[in-house]
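J.: My questions are about this predicted structure, shown below with the sequence.
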Amino acid sequence: MPDKKTIEKARKDKREGKSPSTQAGEFVHEEIDKIRRGEHGARSTQQAIAIGLSEARRAGVDLPPPKKGKVKESTRKSAEYAYEAGQGERKPKRRPRVSKAVSKVLEHEPKSTASHEALAQQAKRAASRRTAEERSAAARKAAETKGASGRKAAAQKAARTRVHHA
């Protein structure tokens, strides 16, 4: 169950006109934090991201399930179910035994999947699957929705964290 703060952040993103995937990012952040705090683990970084996206769909973020052939059929069905539950088209069945079993299994999974290094590798892999044009378009859109103060803060952070080569 996501925190109220996370849901509020996602709603704020929606009000600011940000994309559903950006709104869902708040839930993914929360999932990463849960793993870092040691509440549970994940087998891989992708699993942590998938759990976050599922939470987002269930919370009503308008993030449609992936198209046929993009992912495994069972994954797509699960995403479809979560999406329908979030949109109020389906009443989710409560399954306490299954829920408890899943929680127990996740507790024994590694916590290192949420490390900075693991997330950086995942981001690099994901970016390498996209063309330069797609990455550029995403950056342009991000700059548009950031606003003047957001752009200024991002530029300052970039200047602060830039590696200086001698």
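T.: Received the coordinates, thanks.
J.: Identify the residue nearest V28 in space, chain neighbours excluded?
T.: G52 (3.3 Å; CB to CB, 6 or more residues apart in numbering). Where C-beta positions appear, they are placed from N, C-alpha and C, glycine not excepted.
J.: The helix or strand where that neighbour lies packs against which elements?
T.: With secondary structure defined by DSSP states H and E, G52 is part of helix 45-58. With contacts defined as 3 or more CB pairs under 8 Å, 6 or more residues apart in numbering; DSSP states H and E, the secondary structure elements packing on helix 45-58 are helix 20-37, helix 73-86, helix 116-128.
J.: Mind listing what's buried along it?
T.: Using 16 or more other CB atoms under 10 Å as the test for burial, helix 45-58 gives 45, 47-58.
J.: do stretch 29-39 as well
T.: If you call a residue buried by 16+ other CB under 10 Å, then stretch 29-39 has these buried ones: E30, E31, I32, K34, I35.
J.: Now render the buried residues of helix 45-58 as CSV, adding distance to R76 and pLDDT.
T.: What follows is those, written out as CSV (distance: CB to CB, whole Å; pLDDT from 0 to 100):
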residue, distance to R76, pLDDT
T45, 20, 95
Q47, 16, 93
A48, 19, 95
I49, 16, 95
A50, 12, 93
I51, 16, 94
G52, 17, 95
L53, 12, 95
S54, 12, 94
E55, 17, 95
A56, 16, 96
R57, 12, 96
R58, 16, 94
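J.: Could you single out the nearest of those to A139?
T.: Closest to A139 out of the buried residues of helix 45-58 is I49 (20.3 Å), distances taken as CB to CB.
J.: isn't the closest one right next to R125, touching?
T.: No. With contacts defined as CB atoms under 8 Å, I49 does not count as touching R125, sitting 11.6 Å away.
J.: right, and T75 touches K68 too?
T.: No. The pair formed by T75 and K68 falls short of the contact definition of CB under 8 Å, at 11.3 Å.
J.: neighbour count winner among these two?
T.: Counting neighbours by other CB atoms under 10 Å for T75 and for K68 shows that T75 has the greater number, 14 against 8.
J.: which residues sit in contact with the more buried one?
T.: Applying CB atoms under 8 Å, 6 or more residues apart in numbering, one finds that T75 lies in contact with A50, P66.
J.: For K100, give its distance to K14.
T.: In this structure, K100 and K14 are 32 Å apart, going by CB to CB, to the nearest Å.
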